[in-house]
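K.L.:
test case, fold it:
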Amino acid sequence: MGGDHGPAVTVPACQRFLATHPQARLLLVGLPDALAQWPAHERSSVVAASEVVGMDEAVESALRRKKDSSMRVAITQVKSGAAQAAVSAGNTGALMAIARYLLKTLEGIDRPAIATQIPHAKGGATTVLDLGANVDCQPEHLLQFAVMGAALVTALHPNAGEPSVGLLNIGEEAIKGNEVIKRTGELLRAAGQAKALNFYGNVEGNDIYKGTVDIVVCDGFVGNVALKASEGVATMITGGLKQEFKRNLLTKLAAVVAYPVLKALMQRMDHRRYNGAALLGLRGLVFKSHGSADAWAFEHALNRAYDAARHQLLDKVQGRISAAAPVLAAATTSLAASAEAVA
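P.N.:
Residues are numbered from 1 along each chain as shown. From the prediction side, this is the model:
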């Protein structure tokens with residue numbers, strides 16, 4: 001029911017997803033009357049909800065007052081085991097709050113994080129987290145994000161080797177950045193020495209688009225700005241190319257010759273291909289689609305959730321956290337000691 005378009009986008013996307021995934025089943029959660037206008041599919045069923053969380057609704061209202069919202073009912077399906085993953089294009093803050101309240105966080109994780117992929121120049125994508133769930137982070141939170149991000153990349157690309165992790169900073173040198181970033185760098189280097197992570201070092205914003213590392217870790221404020229900036233640039237470039245094709249006969253002729261290359265470039269930069277951000281650190285799989293997603297983009301979010309469930313992402317995140325437990329515990333102890341010293 002969520003997003004800018006609701007069932008007009010999400011239901012056709014579900015139909016297309018089912019057509020290409022013969023082993024999958026979908027539970028369509030929402031207002032029965034709104035979903036009844038769409039043809040039924042033999043591998044989908046409607047789960048009724050009587051309320052909908054608005055895109056601009058306060059988190060407290062969504063969490064405490066709307067006990068039968070489609071968002072809450074959908075996440076309940078995951079909690080009960082009726083579904084292996086939930087996908088929503090709705091209110092991000094409400095989705096995170098409800099998911100955290102119902103599913104709880106994994107042992108060893110203080111805060112869930114939002115992770116997604118941003119396309120880079122090498123033809124792949126850089127996984128970036130956090131993207132907005134946590135605006136103010138402490139060093140141990142960023143360490144936890146790195147561990148969860150490594151688990152996500154390993155689960156979705158099991159044959160690609162140990163993923164590299166970079167810490168987003170204003171420069172590559174270890175002495176740069178504020179105190180939180182400097183301390184985070186120390187923790188990540190310690191994790192690297194303990195073989196809990198493949199830590200590359202500090203990276204800058206342009207490294208996200210160069211594909212310098214597989215994973216970039218940052219707080220939610222910085223990550224969300226980077227995500228929105230990348231989407232804006234991709235839209236500007238692809239839109240500019242399309243406009244240029246229409247200008248005159250010469251550019252149209254040039255476009256005919258260059259079309260295969262330009263088409264590949266536009267597809268590679270199309271952020272819709274990477275729609276579907278994982279809410280990592282929860283005791284269940286939840287994926288967030290862009291609210292403005294069209295049917296093609298929402299289908300990609302479904303693909304991501306399906307692949308995560310199929311590759312047992314939840315188990316791999318838990319295993320990675322368990323393996324890194326000594327490093328995570330040491331970071332937490334160190335932070336507590338620092339806070340006590342300051343007090």
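
K.L.:
quick one: the helices in the stretch 51-200 of the chain?
P.N.:
Using DSSP state H, counting those that start in this stretch, the helices of the stretch 51-200 of the chain run over residues 59-60, 70-80, 92-103, 139-156, 179-193.

K.L.:
tell me what the third one is packed against?
P.N.:
Packed against helix 92-103, as judged by 3 or more C-beta pairs under 8 Å, 6 or more residues apart in numbering; DSSP states H and E, are the following elements: helix 59-60, helix 70-80, strand 277-280, strand 285-288. In short, each C-beta sits where N, CA and C put it, glycine included.

K.L.:
mean confidence for it?
P.N.:
The average pLDDT within helix 92-103 is 96.

K.L.:
coming back round to it: okay, the helices of the stretch 51-200 of the chain in CSV with distance to residue 277 and mean neighbour count next?
P.N.:
As requested, those are arranged in CSV below (distance: least, C-beta to C-beta, whole Å; neighbours: other C-beta atoms under 10 Å):
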stretch, distance to residue 277, mean neighbour count
helix 59-60, 17, 14
helix 70-80, 15, 21
helix 92-103, 9, 22
helix 139-156, 10, 25
helix 179-193, 22, 19
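
K.L.:
for the closest residue to residue 45 other than its chain neighbours, grab the count of nearby residues.
P.N.:
Using C-beta to C-beta, 6 or more residues apart in numbering and skipping the chain neighbours, the partner closest in space to residue 45 is residue 27 (6.1 Å). By the criterion of other C-beta atoms under 10 Å, residue 27 has 16 neighbours.

K.L.:
any idea how far residue 27 is from residue 305?
P.N.:
Distance, residue 27 to residue 305, by C-beta to C-beta, to the nearest Å: 12 Å.

K.L.:
equivalent analysis for residue 158, please.
P.N.:
17 Å.

K.L.:
the two: which has the busier surroundings?
P.N.:
Ranked by neighbour count (other C-beta under 10 Å), residue 158 and residue 305 place residue 305 first, with 24 against 10.

K.L.:
might one say that the more buried one is in contact with residue 87?
P.N.:
Yes. Look at residue 305 against residue 87 with C-beta atoms under 8 Å: they come within range, at 4.9 Å.

K.L.:
what's the overlap in contacts for these two?
P.N.:
276, 287 (C-beta atoms under 8 Å, 6 or more residues apart in numbering).

K.L.:
still on that earlier bit, now the helices and strands packed on helix 92-103 in TSV, with distance to residue 218?
P.N.:
Shown next, in TSV, are the helices and strands packed on helix 92-103 (distance: least, C-beta to C-beta, whole Å):
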stretch	distance to residue 218
helix 59-60	22
helix 70-80	26
strand 277-280	14
strand 285-288	18
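
K.L.:
run through the bridge partners of the residue nearest the centre of the chain.
P.N.:
Closest to where the C-alpha atoms of the chain average out (C-alpha atoms, centre = their mean) is residue 277, at 2.0 Å. Beta-bridge pairing of residue 277 under DSSP bridges involves residue 288.

K.L.:
got a list of what it touches?
P.N.:
114, 115, 116, 131, 287, 288, 289.

K.L.:
which one of the residues you listed is nearest to residue 5?
P.N.:
residue 289 (10.9 Å; C-beta to C-beta).

K.L.:
surely that closest one and residue 274 touch.
P.N.:
No. Judged on C-beta under 8 Å, residue 289 makes no contact with residue 274 at a distance of 11.1 Å.
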